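Participant: I need the structure of the sequence given here:
(5 chains)
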Amino acid sequence: MILAKVVGTVVSTTINDGIKGPRYLLVEKTDQHGNRKGDFIVALDPLGVGYDEMVMVTEGSPSRETPLTVNKPVDALIVGIIDMIDEDDKVVYRK
Amino acid sequence: MILAKVVGTVVSTTINDGIKGPRYLLVEKTDQHGNRKGDFIVALDPLGVGYDEMVMVTEGSPSRETPLTVNKPVDALIVGIIDMIDEDDKVVYRK
Amino acid sequence: MILAKVVGTVVSTTINDGIKGPRYLLVEKTDQHGNRKGDFIVALDPLGVGYDEMVMVTEGSPSRETPLTVNKPVDALIVGIIDMIDEDDKVVYRK
Amino acid sequence: MILAKVVGTVVSTTINDGIKGPRYLLVEKTDQHGNRKGDFIVALDPLGVGYDEMVMVTEGSPSRETPLTVNKPVDALIVGIIDMIDEDDKVVYRK
Amino acid sequence: MILAKVVGTVVSTTINDGIKGPRYLLVEKTDQHGNRKGDFIVALDPLGVGYDEMVMVTEGSPSRETPLTVNKPVDALIVGIIDMIDEDDKVVYRK
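Facilitator: Model (predicted):
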């Protein structure tokens, strides 16, 4: 999984995904400190994540392994909101 | 998913994909503002997207998760046409 | 899918793929004009493609989605021979 | 599979993975000598690996192929703790 | 598939792969001439390949498509030993 922050929303009305409900978010990859890297992808958000929250994103086929996304053409899914990260025994990120 | 713009068409008559109907398009990856990045892939288009439209492309295995592409050797699929993108509370792209 | 040209053949007699018939080809990735990029992969060829022909290659799991490759350990498959590509309303490649 | 060292922990309480028990670890990719590369991912740890241990990580769809991760949205899994690596007939890493 | 040479062995006794028998090898990616590229991965070897032999490696999900690896968390598999490669009508590698 990769770390990312929510920076925006992607709206598509002509869409062929068979998904009802969650939004597609623009997320920017971050390091474990929460620093943005300038590298963006579009991820489906089943959790209702807020702006600037740090999340964990699953990519590729495993994105389909939730009740909402099973058999859906989704290749990036927000799976969790990050509360805390420690690295080398120091807390480097806290929500 | 990644963002891209439709820039052309790829025609193949000797083809082994078992797909009837949709065309393969040449798409160029873009940033969230719609700026082209000079990085191209070929994606299947089940939506009938027009030239220069901005789209969302699913890559890899999840490309097969539509009625049209199930059990087909497709690794890049146009899943939606982008209407609007906001980033850091500003609208950065509008169709 | 990516664009590539056939540049050679890869012969392996001690092989564990369960596939009978088609050859593995050395293909070089190209841009949409057919210019070679110096980046090579090995792809299975079920179509009998000739030297220097431009092809479309599917990568990863979807490579297995043909009768020949179903349940086979193949991660790159030639799916079509390219006849023509247009970009920004100009024909940029013709076989 | 890739080689990595465990450098920290990633805590997420709002999470949508359907997994009970194992922790998500922050791992840093290493070369075969155990030198850290500055490239980090988040991987699920079903083995209870300790800080600074060198591990083998499976990425993508195959991460789901254990009893714990079957049908789960996990794209990086620690599959083994490394005891020893030899390269060109010399031992280059030993636990 | 990619080309690689076997350069070493990776030993893991605390391992969660459900596989009995074959070893994990350290392989270094090569070009079609057999020149090593300094880029290493760990691949499962069901063929009993010897040191410095050139092989073809399948990556990702298709690695699971052999009797030995079905439903196993393996993302890189040696599928064949290379006997010969020709490029632009010249033999560039011979075992």
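Participant: every contact and neighbour count from this point should use C-alpha atoms.
Facilitator: Will do.
Participant: who in chain A is up against chain D?
Facilitator: Applying C-alpha under 8 Å from any C-alpha of the partner chain, we find that chain A lies next to chain D at A:1-3, A:31, A:47, A:58-66, A:79-89.
Participant: quick check: mean pLDDT of stretch A:6-16?
Facilitator: Averaging pLDDT along stretch A:6-16 gives 95.
Participant: so what pLDDT did the residue nearest the centre of chain A get?
Facilitator: For chain A, the residue sitting closest to the mean C-alpha position, by C-alpha atoms, centre = their mean, is A:Ile78 at 3.3 Å. For A:Ile78, the pLDDT comes out at 98.
Participant: next secondary structure element downstream of the strand or helix carrying it?
Facilitator: Per DSSP states H and E, A:Ile78 falls inside strand A:76-81. Sequence order places strand A:84-87 as the next helix or strand after strand A:76-81, per DSSP H and E.
Participant: find the nearest non-adjacent residue to A:Gly80, please.
Facilitator: D:Ile15 (4.0 Å; C-alpha to C-alpha, 6 or more residues apart in numbering or on different chains).
Participant: how many neighbours does the one you found have?
Facilitator: 16 (other C-alpha atoms under 10 Å in any protein chain shown).
Participant: likewise for A:Ile82?
Facilitator: Using other C-alpha under 10 Å, A:Ile82 has 22 other residues around it.
Participant: quick one: it and A:Met54 touch, right?
Facilitator: Yes. Between A:Ile82 and A:Met54 there is a contact at 5.5 Å, judged by C-alpha atoms under 8 Å.
Participant: from the rest of the structure, what touches the helix-or-strand element of chain A with minimal mean pLDDT?
Facilitator: Here the helix or strand of chain A ranked lowest by mean pLDDT, DSSP states H and E is strand A:14-15, holding a mean of 92. With contacts defined as C-alpha atoms under 8 Å, 6 or more residues apart in numbering or on different chains, strand A:14-15 is touched by B:Leu47, B:Val79, B:Gly80, B:Ile81, B:Ile82.
Participant: the residue nearest to the centre of chain A bridge partners, please.
Facilitator: A:Val57 (DSSP bridges).
Participant: which residues touch it?
Facilitator: Contacts of A:Ile78 (C-alpha under 8 Å, 6+ apart): A:Ala43, A:Leu44, A:Asp45, A:Pro46, A:Leu47, A:Val55, A:Met56, A:Val57, A:Thr58.
Participant: swap in A:Val6?
Facilitator: By C-alpha under 8 Å, 6+ apart, A:Val6 lies in contact with A:Leu25, A:Leu26, A:Val27, A:Glu28, A:Val49, A:Gly50, A:Tyr51, A:Asp52, A:Glu53, A:Met54, A:Val55.
Participant: by neighbour count, which of these wins?
Facilitator: That'd be A:Val27 among the contacts of A:Val6, by other C-alpha under 10 Å, with 30 neighbours.
Participant: roughly how far does that residue sit from chain E?
Facilitator: 25 Å (C-alpha to the nearest C-alpha, to the nearest Å).
Participant: also A:Val42?
Facilitator: 22 Å.
Participant: that residue pairs with what?
Facilitator: Under the criterion used (DSSP bridges), A:Val42 bridges to A:Leu26.
Participant: so it makes contact with A:Leu26?
Facilitator: Yes. Counting by C-alpha under 8 Å, A:Val42 touches A:Leu26, with 4.8 Å between them.
Participant: now do the shared contacts for those two.
Facilitator: The overlap between the contact sets of A:Val42 and A:Leu26 (C-alpha under 8 Å, 6+ apart) consists of A:Val10.
Participant: now do A:Val49, the pLDDT please.
Facilitator: The model reports A:Val49 with a pLDDT of 97.
Participant: from D:Ala43, how far off is it?
Facilitator: Per C-alpha to C-alpha, to the nearest Å, A:Val49 is found 21 Å from D:Ala43.
Participant: so where do the strands sit in chain A?
Facilitator: Taking DSSP state E as the criterion, chain A contains strands spanning A:2-11, A:14-15, A:23-30, A:36-45, A:54-59, A:76-81, A:84-87, A:90-94.
Participant: rank the ones you listed by pLDDT, which is bottom?
Facilitator: strand A:14-15 (a mean of 92).
Participant: residues contacting A:Arg64?
Facilitator: Here A:Arg64 is in contact with A:Val70, A:Asn71, A:Lys72, A:Pro73, A:Val74, A:Asp75, B:Pro62, D:Pro73 (C-alpha under 8 Å, 6+ apart).
Participant: likewise for A:Val11?
Facilitator: A:Arg23, A:Tyr24, B:Ile82, B:Asp83, B:Met84, B:Ile85.
Participant: what subset of those is buried?
Facilitator: A:Arg23, A:Tyr24, B:Ile82, B:Asp83, B:Met84, B:Ile85 (16 or more other C-alpha atoms under 10 Å in any protein chain shown).
Participant: of those, which is the nearest to chain C?
Facilitator: Nearest to chain C among the buried ones among the contacts of A:Val11 is B:Ile82, at 19.6 Å by C-alpha to the nearest C-alpha.
Participant: which ones are touching A:Arg23?
Facilitator: Counting by C-alpha under 8 Å, 6+ apart, A:Arg23 has contacts A:Thr9, A:Val10, A:Val11, A:Leu44, A:Asp45, A:Pro46.
Participant: farthest pair within these?
Facilitator: The distance between the two most remote of those (C-alpha to C-alpha) is 15.2 Å, for A:Val11 and A:Pro46.
Participant: neighbours of A:Val42, how many?
Facilitator: 26.
Participant: distance of it relative to E:Leu25?
Facilitator: Going from A:Val42 to E:Leu25 by C-alpha to C-alpha gives 36 Å.
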